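Undergrad: Generate a structure from the sequence data that follows.
(2 chains)
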Protein chains: 2
Amino acid sequence: MPKEGITPRDQDYSQWYLDIVRGADMADYAEVVRGCIVFKPTGYAIWEAMQSGLDQRIKATGHVNAYFPLLIPKSFLMKEAEHVEGFAPEVAEVTHAAGEELAEPYVIRPTSETIIGYFYAKWVRSWRDLPVLINQWANVMRWEMRTRPFLRTAEFLWQEGHTVHATEADAEQETLMILHDVYGDFIERDMAVPVIKGVKSEKEKFAGALRSYALEAMMQDGRALQAGTSHNLGQNFAKAFDITYTDQNNTVQHAWTTSWGVSTRLIGALIMTHSDDEGLVLPPRLAPTQVVVVPIYKNDQERSTVLETIERLTADWSGRLRFKIDDRDNLTPGYKFNEWELKGVPVRIEVGPKDVQKGSVAMARRDIPGKEGKQFVPQAGLTERITELLEIIQQGLYDRALRFREERTFTVSSYDELREAVEQGFARCYWAGSTADEKRIQDELKATIRVIPLEQPDTAGCCILTGQETTQQVIFARAY
Amino acid sequence: MPKEGITPRDQDYSQWYLDIVRGADMADYAEVVRGCIVFKPTGYAIWEAMQSGLDQRIKATGHVNAYFPLLIPKSFLMKEAEHVEGFAPEVAEVTHAAGEELAEPYVIRPTSETIIGYFYAKWVRSWRDLPVLINQWANVMRWEMRTRPFLRTAEFLWQEGHTVHATEADAEQETLMILHDVYGDFIERDMAVPVIKGVKSEKEKFAGALRSYALEAMMQDGRALQAGTSHNLGQNFAKAFDITYTDQNNTVQHAWTTSWGVSTRLIGALIMTHSDDEGLVLPPRLAPTQVVVVPIYKNDQERSTVLETIERLTADWSGRLRFKIDDRDNLTPGYKFNEWELKGVPVRIEVGPKDVQKGSVAMARRDIPGKEGKQFVPQAGLTERITELLEIIQQGLYDRALRFREERTFTVSSYDELREAVEQGFARCYWAGSTADEKRIQDELKATIRVIPLEQPDTAGCCILTGQETTQQVIFARAY
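TA: Residues are numbered from 1 along each chain as shown, chains lettered A, B, ... in the order given. All right, here's what the predicted structure looks like:
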């Protein structure tokens, strides 16, 4: 029986997504500010957990945080030819301030390569100043026509790393290190979302990059979602902004730069990877609340006995588990179960008068809804049992998502097979086509090359479109 | 002997401040974005430490974080009469987006009472929804004419809390709780900055508030700096945005709201409270690096012996002390000492070949520059000794700042005394004047009422201007 207020996934995936966001009270539409949302406390807490996991990894790999201006002189955008083409059509412009028209308008940053490039040009002088390894947590704005909470909003939150290196090899190493050790590690371990890492095609790469790497995840409707990108910018921005350094032979050289980012879009990816028709499902490592304890009682005496037991059971949880005791007195247990299911709390513990007598509790897993995921367990050793269960759930969510992706990934060798495959999920095929060919496929099948995976086969094959022999395989899919 | 590049405080306090910011590499002027700065890594790391200390307290007192849109429809500002007067003259306006002129311009938030008020009106329905206790970490923009890094910049970073309550008493309690338990506790304990808590005069209160509370600190030039504010907004914004709730008797009531904020201005307060002519001085609890260890050696063999000892000594520091081992090989110890003094690291440990032999190290305190603050101590028990010293330094900085403020706070009873006192520091006096009287004093003495302190005398006295008898004392001072 579907949960009230949630459209089942197989009926309307798109509406299901909106129902989950609303049911878990994660966001509100800011209809008075076009294309924007409010990140409500439940949604924002997930972003805080993501920030924490990412920030640790960003710092552990030698980066420091800083903060650059929100506004960018409009002329800065024009300095890098591809960049302006990519971003100028979607910027918001500040033309007036303090009641007067500005001599030159500013744009609200859609991304910060240009303004940061300007400062790096001032700061970098010698090879001794390199590498520069800086990250920024910030809001950015891209005036999008269509909005979906978290997935596509005019204003969103993200981190953007911007680094400067002496050599192409150093820049490439940084780009790949971020892809693997920061993004890949965080998304797979903490978010339990399996990803395919690869290079973007020319058509899909970042406006101004030499080469863009990305991590692609499969959502439950078989579509791809780009979970993060890491760009080797080559010398494009170094030349546009004159970021140069004097090398050890006293020669002035253009530097090599990178940029990389993940955003609040990851919240959308998290929802669409794990959640079900009962509501949000959160992986334990990211869940702001990992365990909710619900007391069950019929009268004041039962209430106080049950709450005493709960207090005793949870006495050693602080610092070990993130938990809530839901002792609200005006709500039924059923109402509470429903609310915490909607909000995706991984484990629910129920304690009633019989449990007090028997020395047991009921323990329910959010990832396996209904009776199947509920069991009675002894109170003795409960903390350890829950800790173990959280690890099992974390791994289980990852395994389930990986299995789903594998089942929906098809190796195809004809255009007809490709057409069928992208209706279901990912299509893996040999590819030697041009950007124009890729555009043709996008027009016909609404699918694009998501990545050229880093892992490639040893043998050659025929391009699915041109028939030309090639060793390069790509992933085609429809994408968010 | 003054340090190279730092103007002594007694020569030019204002230039000294800028020299400290530059010497510690905390910020850069964003001359291409009017009135903005870059928060460089050294400066931003202090903000991160402040965020951490504040966020813990904000959450411990029952609040949750959320995120509201950057842009506010311009018409929203107009809905609260005092608010528009206070903020409309200094907003930046977005008039175009995606290449088209907008039907209604947006302003970049100068503060978020209006946009948040709009959402609270949607969310609050019943007394059961109250209180709403939400905080936001965000950037805001106020188009200021004069800029000083951290103290006054067009864009700055802050937290802004916005709460909704059923009764006036609840709103007042919240406002005061924030003043004492969040801001007072953080600023005095973590920043080691003593503050005077009080109410703002009508002239100085927040545009739209019923009553503004503030914490005022004294800088080393005797001027006041407002370190944080907590506003009881009464029903002003609830009426402007129609935030109503149905009470337990089924009657619709306007709610009561509060707002409260501290900003990156606190970094300026920190600098101007503790730093000296040698550079930045950071209180240990906030210092991103608490201890720096500098190896001293003349050759490779000494280097390896000394670094071995350092490795052994610091083996148990992780998780207990925030430290750096400065093993850069191309710089002299003198250069390193200078750099870490400029950056305000509280404790420096020096280890040379003689120390290795003797089982000792040199330990230097940043808060007592020169030989006086340096001593040789045994290697045994070093971790505990440093931990103790950090506590001593933390308390010492607070005590020194408090003593300074007390020495520069004068109880005055004539206008001439007031004139003299505000040249030096704070003037405490009886006051029964009007807003017009306060403006006159501001014109004549460049001093304003900083606060009406919460702690008031038991006895009455004569107003310093009007001669009228009153029990109310105020603090006059020149302010940042």
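Undergrad: in the stretch 201-350 of chain A, which spans are strands?
TA: Along the stretch 201-350 of chain A, the stretches classed as strands by DSSP state E, counting those that start in this stretch are A:211-218, A:224-232, A:244-246, A:252-254, A:256-263, A:291-295, A:323-325, A:347-351.
Undergrad: Can you name every helix or strand that the last one contacts?
TA: Spelled out, that is strand A:347-351. strand A:291-295, helix A:300-313, helix A:333-342, strand A:360-365, helix A:382-407 (3 or more CB pairs under 8 Å, 6 or more residues apart in numbering or on different chains; DSSP states H and E). In short, each C-beta sits where N, CA and C put it, glycine included.
Undergrad: which stretches of the stretch 301-450 of chain A have low pLDDT?
TA: Applying pLDDT under 70 to the stretch 301-450 of chain A picks out no residues at all.
Undergrad: if we can go back for a sec, most neighbours per residue, which of the helices and strands packed on strand A:347-351?
TA: Counting by mean count of other CB atoms under 10 Å in any protein chain shown, strand A:291-295 has the highest mean neighbour count of the helices and strands packed on strand A:347-351, with a mean of 25.
Undergrad: Grab the most central residue of chain A for me.
TA: Closest residue to the average C-alpha location of chain A: A:Leu266 at 2.0 Å, with CA atoms, centre = their mean.
Undergrad: And the helices and strands packed on strand A:347-351: which comes nearest B:Gln253?
TA: helix A:333-342 (26.0 Å; CB to CB).
Undergrad: Strand A:291-295 and that closest one, what's the angle between them?
TA: 170 degrees (axes from the mean of the first three to the mean of the last three CA atoms, to 10 degrees).
Undergrad: Which neighbouring elements make contact with helix A:333-342?
TA: strand A:291-295, strand A:347-351.
Undergrad: Out of those strands, flag the one nearest B:Gln248.
TA: Comparing those under CB to CB, the one sitting nearest is strand A:291-295, at 24.7 Å.
Undergrad: who's in contact with the closest one?
TA: Strand A:291-295 has contacts (CB atoms under 8 Å, 6 or more residues apart in numbering or on different chains) with A:303, A:306-307, A:310, A:313-314, A:317, A:321-327, A:333, A:336-337, A:340, A:345-352, A:386.
Undergrad: Take the helices and strands packed on strand A:347-351 and write them to CSV, including distance to A:Gly53.
TA: CSV is the format used below for the helices and strands packed on strand A:347-351 (distance: least, CB to CB, whole Å):
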stretch, distance to A:Gly53
strand A:291-295, 19
helix A:300-313, 28
helix A:333-342, 23
strand A:360-365, 22
helix A:382-407, 13
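Undergrad: Out of those, which is closest to A:Tyr44?
TA: helix A:333-342 (16.8 Å).
Undergrad: Name all residues that make contact with A:Glu104.
TA: Counting by CB under 8 Å, 6+ apart, A:Glu104 has contacts A:Pro73, A:Lys74, A:Ser75.
Undergrad: which element is it on?
TA: Per DSSP states H and E: A:Glu104 is located in strand A:100-108.
Undergrad: Quickly note the distance from the residue of chain A positioned farthest from its centre to A:Lys200.
TA: No residue in chain A has its C-alpha farther from the mean C-alpha position than A:Gln301, which lies at 46.9 Å (CA atoms, centre = their mean). Counting by CB to CB, to the nearest Å, the gap between A:Gln301 and A:Lys200 amounts to 65 Å.
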